[in-house]
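[1] got a predicted structure here, sequence first:
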Amino acid sequence: MFAVLINPNAFFAARLKDAVRLKVPLLIVLLSGLISGFGAYIIAGVTIEMLREVLPPEAQGIAATVGEIGAFVGAVIVTLLMWVVFAALFFGISWLFKGTGTFKRTLEVVGYGYIPTIFSSIIGAVLIYQFVATAQIPQVTDPAEMAEIVTRWITENPMMWLSSIIGILFMLWSANIWVFGLKHARNLSTRNAVITVAIPVLAYIAYTVWQLGVLS
Amino acid sequence: MMRLIPFLLVLLLVGSVAAQSVEEQKAAIMITSYQVSPEVLMPNDIGTITVTVKNMDPMESVKLTEASILERELKVLSTPYYNIGRLGPAESVELAFTIRAGYSEGIFYPRVVIEAEGAEIIRYQIPVKVDGTVLTLGVNKLPDELYQGERATVELVVGNPRPNTVTGVALSTAAREVIPTEVFLGTLASDDSKSASFNFTPETLGAETLNFAVAFKNGDNAHATTFQVPLTVLASKKSAELILTGIEVESTAGVSVYKITGDINNAGLEAARSVVLKIDEVAGVEPRDPYKSYFVGLLSPDDFSSFELDVKVDGNVTAVPLLIEYKDEEGNPFSLTEQISIESQPTSNSGEFPVSLIAVLVIVAVVIVGMIAYSWKKR
């Protein structure tokens, strides 16, 4: 498993000799999603705390439970969906380069590329937890004000900046794995594999940077 | 001719007897008494002169035809009496005249003129005194030293050096720091005095002048005189002295909401009661829950208490006015304002990027770049 991180080319060359097995990639993506879900769980708790003045006391407990569990489950589902979306995008773009190979194989190699995101999710969750532990949670009554606060949290707080930048760095690492994975899974040249991966990944990075306020 | 002399003598005798009889009748009315009110006028005062005219004849009535008063220095405001009527035997009538004193002081003698039918005109001079002396006001008791914020009793004495009694004497002041603002003393006899006490709580340091006014009435004439009491207010040596220490301003991530914490200390020699800390509401500064204000209560000398306040500020605000309100042992309210800077305070969630985080970022980046480079090298 460690080989996919340090020598993905050799790992996928060997892996493609066997039949498609999605069990391990699914577990990798699921693990990444569960860790991301923990971060979402914390953020949801903070959001509910901010709305303490608006919510009636009897509804606060239910809202906290539903919100936090909903955020956790939502993050897991979004991570799984993103796995499929990335695979579909790679599959579609590589089709333009006359790539061959099944979608399941693409899904498999993309799943392996989620290993670095496990690390980034852990680091991100720790940074979010650290941020929430030291932050003063304001009481807001206006949803617009809450949106403004969350936006400023993302764009102005060093912890959140660090979390996002680390996420980008690990995404580049994942992209590197995906390049070699797609090269073998879709029978692409290295150049075409780079282009295939670069388009969605750069779009994702651009969106993340825009979220940080750099491009806004 | 010799026979005519005795006849002339008889005529003279008869005439003399007749003349004596008429003279007795002319002396039948007289002014038996008079009254000047007020007893002593002040310049420009209005007063009355009342004379009592009596018919001294026990048998015959007399008809009064005219009564008037004449004087150059005093202005007579009332008109003369005409056809007053008949005054029965031994009866009397009071006639009042209104006068106004001039601006000159001294004793004046207006002349009352009474005319009666068949009687000699009576002219009677009445002494009217005009004296401009006003009431005096002095300080009877005053502490040697006055301290800011400490209540002191100022006792004033009002004296009446006038030769007559004055009424409606009231002592008043417009000074905001003096209670009561007016003391009514009532009637003050000649050469008498009355005192009144005021509580004075100075709020400002340095020289200060308290202005008092004495109002009184001389008859129906209102008068007033003012009096100034120069004072020097010193800084209190014993009062509570509240100071803030250990101020920390912590920002809330994402919003301009700050939590101000610190200690409030009483470095004075007296207790501060009902101590309350609050954010003074000025433009761009808005106190926020849960601690819009913080109640400390009693703060004894050499004691301290922690506090915390929440405030939301606009982007351009760099300092927040922190208002401290307290009372002394006597319930006098005090307040002071401290400016808390929110600009230079280190905050745990500020927008600065700490060096330690940059180091972490660099390490992660190096590891990832190393991994990627290694994977391409192994390709």
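    Sure thing, it's come through.
[2] neighbours of B:Phe216, how many?
    24 (other CB atoms under 10 Å in any protein chain shown). The way it works is simple: take the backbone N, C-alpha and C, and place the C-beta from them, glycine included.
[3] er, B:Pro290 I mean
    Neighbourhood size, B:Pro290 [other CB under 10 Å]: 10.
[4] ramachandran angles for it?
    phi -90, psi -10 (degrees, to the nearest 10).
[5] what's the spacing between it and B:Val257?
    Applying CB to CB, to the nearest Å, one obtains 12 Å for the distance of B:Pro290 from B:Val257.
[6] joint contacts of those two?
    With contacts defined as CB atoms under 8 Å, 6 or more residues apart in numbering or on different chains, the residues adjacent to both B:Pro290 and B:Val257 are B:Asp310.
[7] which other helices and strands does the helix or strand hosting A:Leu81 contact?
    Counting by DSSP states H and E, the element that carries A:Leu81 is helix A:57-96. Here helix A:57-96 is seen to pack against helix A:23-50, helix A:103-112, helix A:158-185, helix A:190-211 when contacts are counted using 3 or more CB pairs under 8 Å, 6 or more residues apart in numbering or on different chains; DSSP states H and E.
[8] rerun that using 6 Å as the cut-off
    helix A:23-50, helix A:103-112, helix A:190-211 (3 or more CB pairs under 6 Å, 6 or more residues apart in numbering or on different chains; DSSP states H and E).
[9] give me the mean pLDDT for the longest one.
    Yep, that's helix A:23-50 we're talking about. Predicted confidence along helix A:23-50 averages 87 (mean pLDDT).
[10] tell me which residues of it are tucked away?
    Going by neighbour count (16 or more other CB atoms under 10 Å in any protein chain shown), the buried part of helix A:23-50 is A:25-26, A:28-33, A:35-48, A:50.
[11] and stretch B:103-122, by the same measure?
    For stretch B:103-122, burial by neighbour count (16+ other CB under 10 Å) applies to B:108, B:110, B:112, B:114-116, B:119, B:122.
[12] and chain A, which of the residues you listed contact it?
    Intersecting the buried residues of stretch B:103-122 with the surroundings of chain A, defined as CB under 6 Å from any CB of the partner chain, gives nothing.
[13] of the residues you listed, closest to chain A?
    Checking the buried residues of stretch B:103-122 against chain A with CB to the nearest CB, the nearest one is B:Phe108 at 84.2 Å.
[14] tell me the spacing between the residue most central in space within chain A and chain B.
    Nearest residue to the geometric centre of chain A (CA atoms, centre = their mean): A:Thr79, 6.0 Å. Taking CB to the nearest CB, to the nearest Å as the measure, A:Thr79 falls 20 Å from chain B.
[15] the closest residue to that residue other than its chain neighbours and A:Ala75, how far apart?
    Nearest residue to A:Thr79, sequence neighbours excluded (CB to CB, 6 or more residues apart in numbering or on different chains): A:Gly33, at 3.2 Å. From A:Gly33 over to A:Ala75 the distance is 6 Å, taken as CB to CB.
[16] how about the secondary structure of whichever residue of the stretch 1-150 of chain B sits closest to chain A?
    Sorted by distance to chain A under CB to the nearest CB, the residues of the stretch 1-150 of chain B start with B:Gly149, at 37.1 Å. In three-state terms, and counting by DSSP: H, G, I helix; E, B strand; the rest coil, B:Gly149 is coil.
[17] with the one 4 residues further on instead?
    Remark: B:Thr153 carries the secondary structure label strand [criterion: three-state DSSP].
[18] pLDDT-wise, which helix or strand of chain A ranks last?
    For chain A, the helix or strand with the lowest mean confidence is helix A:143-156, at a mean of 68 (criterion: mean pLDDT, DSSP states H and E).
[19] beta partners for the residue nearest in space to the middle of chain B?
    The residue at the geometric middle of chain B, judged as the C-alpha nearest the mean C-alpha position with CA atoms, centre = their mean, is B:Thr173 (1.9 Å). Taking DSSP bridges, one obtains B:Phe212 as the residues bridged to B:Thr173.
[20] that one against B:Val214, yeah?
    No - here B:Thr173 lies out of contact with B:Val214, judged by CB atoms under 6 Å, at a distance of 10.5 Å.
[21] now B:Glu203. Nearest residue, chain neighbours left out?
    Spatially, and ignoring its direct neighbours in sequence, B:Glu203 is nearest to B:Glu177 (5.7 Å; CB to CB, 6+ apart).
[22] local confidence estimate at that neighbour?
    In this prediction B:Glu177 is given a pLDDT of 86.
[23] what sits against it?
    Counting by CB atoms under 6 Å, 6 or more residues apart in numbering or on different chains, B:Glu177 makes contact with B:200-203.
[24] how near is B:Glu308 to B:Ile247?
    Computed as CB to CB, the B:Glu308 to B:Ile247 distance reads 11 Å.
[25] what helix or strand is the residue nearest to A:Leu162 when sequence neighbours are not counted located in?
    Among residues not flanking A:Leu162 along the chain, B:Leu357 sits closest, at 5.1 Å (CB to CB, 6+ apart). For B:Leu357, the enclosing helix or strand under DSSP H and E is helix B:355-377.
[26] list the beta-bridge partners for B:Leu323.
    Beta-bridge partners of B:Leu323, counted by DSSP bridges, are B:Lys278, B:Thr337.
[27] pLDDT score assigned to it?
    With respect to pLDDT, B:Leu323 scores 89.
[28] likewise the one 5 residues further on?
    You'll see B:Asp328 listed with a pLDDT of 83.
[29] check the gap between B:Met42 and B:Ala222 for me.
    Applying CB to CB, one obtains 11 Å for the distance of B:Met42 from B:Ala222.
[30] okay, the two: which has more neighbours?
    Looking at B:Met42 and B:Ala222 with other CB under 10 Å, you find the greater number of neighbours at B:Met42, namely 21 against 10.
[31] what sits against the more buried one?
    With contacts taken as CB under 6 Å, 6+ apart, B:Met42 has the following neighbours: B:132, B:218.
[32] who's in contact with the residue lying closest to B:Leu70 once chain neighbours are set aside?
    With CB to CB, 6+ apart as the criterion, B:Leu70 has its nearest non-adjacent residue at 4.8 Å, and that residue is B:Arg111. Contacts here follow CB under 6 Å, 6+ apart; on that basis B:Arg111 touches B:70, B:123, B:125.
[33] could you redo the last one with a cut-off of 10 Å?
    For B:Arg111, the contact set (CB atoms under 10 Å, 6 or more residues apart in numbering or on different chains) comprises B:68-71, B:123-126.
[34] just B:Ala271 next, same as before
    Contact partners of B:Ala271, counting by CB under 10 Å, 6+ apart, are B:240, B:298-301, B:303, B:326-329.
[35] tell me the one of these nearest chain A?
    B:Leu299 (26.8 Å).
[36] I figured that closest one hits B:Glu325, correct?
    No - with contact taken as CB atoms under 10 Å, B:Leu299 and B:Glu325 are classed as non-touching, separated by 11.9 Å.
[37] next, show the common contact partners of these two.
    With contacts taken as CB under 10 Å, 6+ apart, the residues that reach both B:Leu299 and B:Glu325 are B:242, B:272, B:274-275.
[38] switch those residues over to CSV; also include distance to chain A, neighbour count and pLDDT.
    Below are the shared contacts of B:Leu299 and B:Glu325 laid out as CSV (distance: CB to the nearest CB, whole Å; neighbours: other CB atoms under 10 Å in any protein chain shown; pLDDT from 0 to 100):
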residue, distance to chain A, neighbour count, pLDDT
B:Leu242, 26, 22, 85
B:Ala272, 29, 26, 86
B:Ser274, 28, 15, 89
B:Val275, 25, 23, 90
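[39] picking that back up, out of the helices and strands packed on helix A:57-96, which comes closest to B:Asp57?
    Checking the helices and strands packed on helix A:57-96 against B:Asp57 by CB to CB gives helix A:23-50 as the closest, at 111.3 Å.
[40] check which element follows the lowest-mean-pLDDT helix or strand in chain B along the chain.
    Comparing every helix and strand of chain B by mean pLDDT, DSSP H and E singles out helix B:4-26 as the least confident one, with a mean of 42. Going down the chain from helix B:4-26, the next helix or strand is strand B:29-37, by DSSP H and E.
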